[in-house]
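Asks: structural data only, the sequence is not supplied:
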């Protein structure tokens, strides 16, 4: 009977390799948190100590970054891993949604640069805060840049304006 109890307690204890694998998983999770923007980190269910360590890691390079990631990995067992993973999943989904919207926004930009007034009217109906004069100015500037063989700064600004419009309204 004594041997049975010893076998059960030893099977409940984790091996060093198992513990090391778990810590590596937590360190990878910490690395994913470091890759987030500070704005995204605000709403994450993490302690201030971990948040400070993550913010500090953002400016580090090479060896210092590796040491900081290990430190973050050591802080992770004190955190609610499931809540962090859930919040990280939501953050990645919203970012993926934004990335998927860009081709449509780029198409809108290209059509606007070709003076597509029908699209401009549709966008004005869809987005209450659309500024027609601002769009018209960006289109005029783009044409001047093209004539002068300058980089297409206004086309980029128009795309950014469309992205901001879409984000502000929450729809496409």
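Replies: It's in. All values reported here derive from a predicted model rather than from experimental measurement. Numbering: from 1, shown residues only.

Asks: which residues of the protein fall in helices?
Replies: 2-12, 16-34, 38-41, 48-57, 62-75, 81-113, 117-126, 132-147, 153-169 (DSSP state H).

Asks: per the record, what domains does this structure have?
Replies: Domains of the chain are assigned by automatic domain parsing as 2-79, 95-169.

Asks: tell me the mean pLDDT over the last one?
Replies: The average pLDDT for domain 95-169 rounds to 84.

Asks: cool, and stretch 75-87?
Replies: On average, stretch 75-87 scores 83.

Asks: tell me the buried residues in that stretch?
Replies: For stretch 75-87, burial by neighbour count (16 or more other Cβ atoms under 10 Å) applies to 75, 76, 79, 84, 87. Every residue, glycine included, has its C-beta placed from N, CA and C.

Asks: try stretch 17-29
Replies: Buried residues in stretch 17-29, counted by 16+ other Cβ under 10 Å: 26, 27, 29.

Asks: quick one, grab the pLDDT at the second one.
Replies: If I follow you right, that is residue 27. For residue 27, pLDDT reads 82.

Asks: so how many other residues sit close to the nearest residue to residue 162 once chain neighbours are set aside?
Replies: Excluding the flanking residues, the one nearest residue 162 by Cβ to Cβ, 6 or more residues apart in numbering is residue 105, at 4.7 Å. Residue 105 has 19 neighbouring residues, counting by other Cβ atoms under 10 Å.

Asks: likewise for residue 50?
Replies: That count, for residue 50 with other Cβ under 10 Å as the rule, works out to 20.

Asks: ok, now which ones touch it?
Replies: Residue 50 makes contacts with 30, 33, 72, 75, 76, 78, 79, as judged by Cβ atoms under 8 Å, 6 or more residues apart in numbering.

Asks: and the closest residue to the second one other than its chain neighbours, what's its pLDDT?
Replies: Translated: residue 33. Nearest residue to residue 33 in three dimensions, chain neighbours excluded: residue 54, at 5.2 Å (Cβ to Cβ, 6+ apart). On pLDDT, residue 54 comes in at 87.

Asks: how about residue 54, what does it touch?
Replies: Taking Cβ under 8 Å, 6+ apart, we find residue 54 in contact with 30, 33, 34, 36, 41, 46, 72.

Asks: next one: residue 31
Replies: Contacts of residue 31 (Cβ under 8 Å, 6+ apart): 69, 72.

Asks: thinking again about what came up before, out of the contacts of residue 50, which is nearest to residue 133?
Replies: residue 33 (42.3 Å; Cβ to Cβ).

Asks: touching, the closest one and residue 72? I think so.
Replies: Yes - using Cβ atoms under 8 Å, residue 33 is in contact with residue 72, at 7.4 Å.
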